[in-house]
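A.B. asks: Coordinates only, no sequence provided:
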């Protein structure tokens, strides 16, 4: 039996890193891809790059799509244009790619329940492909982005199993690893492993700036010593913390409760390490660092 | 005029990553290198690898050296064997490669002042080549380790300028970038950019472990969800935090006061970010993340 993405056109809303990469891989797999974008300049560039067979700024482009992927930034996903919601085909399966799932699920259940004649709420499948986000915009899409990466769906009791299966087949043709879990569990997990590292690294940059600033005599006189001496360890620890500020803020805003809970765990762990240093408990400190050392491979 | 390392044999004490790399590069530059190691098995392997022209477990190997580099771990550097101190040639320039400078400088000033007939305290030059430390042991040494990396010296008012110059010429023949600063300023800087990231990353690993543990339904059922979803951002942020526990503990122990000060700055920065999330101050949060984003390139 063929998959939904093979039988009917696939709509992609937004052609940034995720949407553009989806378009490229889906077309390569033989799908017909129809994309909706916001600005005419984006549409023109997306056509040049060949990110979809049809690209339009008119929501009517989604007509006839059996499966629509909302590849929008979190703020636009949570506050979509009414014209987009109205244009979603009645029988379609809808999924999203947002990095927070609880608020998206609640919002789209409401929106679809309110919009009579559109897709049924049971056919909205919240999902999250965990693919790199360093680049953004219409130039960012690339083939193979999802290969070997987790693609997490967060179905509810009322989710239509056929809709879930259709999204699973979409993820699998892109080479992603399919996972299902509860939306709240997903949001707690990404708070710990994706959103917390942003704040942890951002705070480190600010601490190195606030705590330093000694001028350095020698070849680099005048530059702050911290800046002259920082090496790959500092660069790695701060990579996501020094990343896209808008994205970091949106993640925190949409996943606020789980992030605050994660920060609580973090404060506790850090305070425990700090107490060992302050109390000169060197054996305990080494044991604690040994725990971290043993934990890390499980997360790779 | 020729440099001291060209005129007289160079002693290297310890043939781990730093000492072994020193030996390889110095011999390639034409120096005569005499190395002292602790264990006979290390000496045998160092000879096989050709890390020095002479390798011995007998401190007498240092006889006749004009310049001796103490390439020992911090704990052995701060508590050296009396036989090593006694074997240092009277007229020699002595330097070290420890990642903390104040305690090393104080300890070796005492040791050399107490040991009559050995090198004069004014000819001890505390220094710190900032080169990678992921690998350790006699297999770790490699050519070119110091090329383009900072080599920081922390002379005092009483330091012999000729001794400082001799160490500078050693660093420069290895391709390192020479810097001088106050020992306390060095220790504060490395606390912020090198030792603090260890605790920051170690705490993140422990928080992700403590806060998570949800079993994940789907292909990876049974594995914790955080472990299944963690990606390159988490891996990078925790790289040094999940590193060598012994090294992390020694850094904290020898640089305790500066590290506690750095932790104070860090707690303040993190608390400020957390307050913005808790207070839903999204504009302020974005501005704060913009500051971190702007700061980072200066540290690369």
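C.D. replies: Arrived safely. Everything numeric in this text was worked out from a predicted model, so none of it was measured.

A.B. asks: Just the element for whatever residue of the stretch 101-250 of chain A ends up closest to chain B, please.
C.D. replies: Distances from the stretch 101-250 of chain A to chain B, computed as Cβ to the nearest Cβ, single out residue A:242 as the nearest residue at 3.2 Å. The C-beta positions use only the backbone N, C-alpha and C, and glycine is treated the same way. Per DSSP states H and E: residue A:242 is located in neither a helix nor a strand.

A.B. asks: Find the nearest non-adjacent residue to it, please.
C.D. replies: Spatially, and ignoring its direct neighbours in sequence, residue A:242 is nearest to residue B:296 (3.2 Å; Cβ to Cβ, 6 or more residues apart in numbering or on different chains).

A.B. asks: did I read that right, that neighbour in a helix?
C.D. replies: Yes - the secondary structure assignment for residue B:296 places it in a helix, going by DSSP: H, G, I helix; E, B strand; the rest coil.

A.B. asks: what's the neighbour count on it?
C.D. replies: Residue B:296 has 23 neighbouring residues, counting by other Cβ atoms under 10 Å in any protein chain shown.

A.B. asks: who's in contact with it?
C.D. replies: When contacts are counted by Cβ atoms under 8 Å, 6 or more residues apart in numbering or on different chains, residue B:296 touches A:205, A:238, A:241-242.

A.B. asks: swap in residue A:89?
C.D. replies: Residue A:89 sits in contact with A:11, A:62-66, A:68, A:118-119, where contact means Cβ under 8 Å, 6+ apart.

A.B. asks: Distance check, it against chain B.
C.D. replies: Residue A:89 sits 28 Å away from chain B, taking Cβ to the nearest Cβ, to the nearest Å as the criterion.

A.B. asks: helix, strand or coil for that residue?
C.D. replies: Each residue gets one of three states, and residue A:89 gets coil by three-state DSSP.

A.B. asks: Run through the residues that contact the residue positioned nearest the centre of chain A.
C.D. replies: Nearest to the mean C-alpha position of chain A, by Cα atoms, centre = their mean, lies residue A:99 at 3.6 Å. Neighbouring residues of residue A:99 by Cβ under 8 Å, 6+ apart: A:74, A:128, A:190, A:194, A:251, A:255.

A.B. asks: Let me see the mean pLDDT of whichever helix in chain A runs longest.
C.D. replies: Longest helix in chain A, counting residues (DSSP state H): helix A:256-278. Per-residue pLDDT values over helix A:256-278 give a mean of 98.

A.B. asks: List the buried residues in it.
C.D. replies: Residues of helix A:256-278 classed as buried: A:256, A:258-259, A:261-263, A:265-267, A:269-270, A:273-274, A:276-277 (neighbour count, 16 or more other Cβ atoms under 10 Å in any protein chain shown).

A.B. asks: and if you look at stretch A:135-151?
C.D. replies: With the criterion 16+ other Cβ under 10 Å, stretch A:135-151 contains buried residues A:138, A:140-141, A:145-146, A:149-151.

A.B. asks: likewise stretch A:39-49?
C.D. replies: For stretch A:39-49, by 16+ other Cβ under 10 Å, it's A:42-43, A:45-47, A:49.

A.B. asks: Around chain B, pick out the residues from the stretch 1-150 of chain A.
C.D. replies: Where proximity means Cβ under 8 Å from any Cβ of the partner chain, the interface of the stretch 1-150 of chain A facing chain B comprises A:130, A:132, A:149-150.

A.B. asks: Tell me who's in contact with residue A:11.
C.D. replies: Residues counted as contacts of residue A:11 (Cβ under 8 Å, 6+ apart) are A:33-36, A:61-62, A:65, A:67-69, A:89, A:92.

A.B. asks: again with residue A:96
C.D. replies: Contact criterion Cβ under 8 Å, 6+ apart gives A:69-72, A:77, A:104, A:108, A:126-127 as the residues in contact with residue A:96.

A.B. asks: Narrow the residues you listed to those in strands?
C.D. replies: If you go by DSSP state E, the contacts of residue A:96 have A:69-70, A:127 in strands.

A.B. asks: Let me know the closest of these to residue A:24.
C.D. replies: Nearest to residue A:24 among the ones in strands among the contacts of residue A:96: residue A:69, at 13.2 Å, using Cβ to Cβ.

A.B. asks: That closest one: neighbouring residues, count only.
C.D. replies: Here the neighbour count serves as a burial measure; for residue A:69 (other Cβ under 10 Å) it reads 28.

A.B. asks: Please give me every residue in contact with it.
C.D. replies: Residue A:69 is in contact with A:10-13, A:19, A:22, A:95-97, A:170, counting by Cβ under 8 Å, 6+ apart.

A.B. asks: Swap in 7 Å and give it another go.
C.D. replies: Under the criterion of Cβ atoms under 7 Å, 6 or more residues apart in numbering or on different chains, the neighbours of residue A:69 are A:10-13, A:22, A:95, A:97.

A.B. asks: for residue A:52, same thing?
C.D. replies: The contact partners of residue A:52, by Cβ under 7 Å, 6+ apart, come to A:12, A:23, A:33-35, A:46.

A.B. asks: okay, residue A:228: pLDDT?
C.D. replies: Reported pLDDT for residue A:228: 89.

A.B. asks: Please report how far it lies from residue B:131.
C.D. replies: Spatial separation of residue A:228 from residue B:131 under the definition Cβ to Cβ, to the nearest Å is 15 Å.
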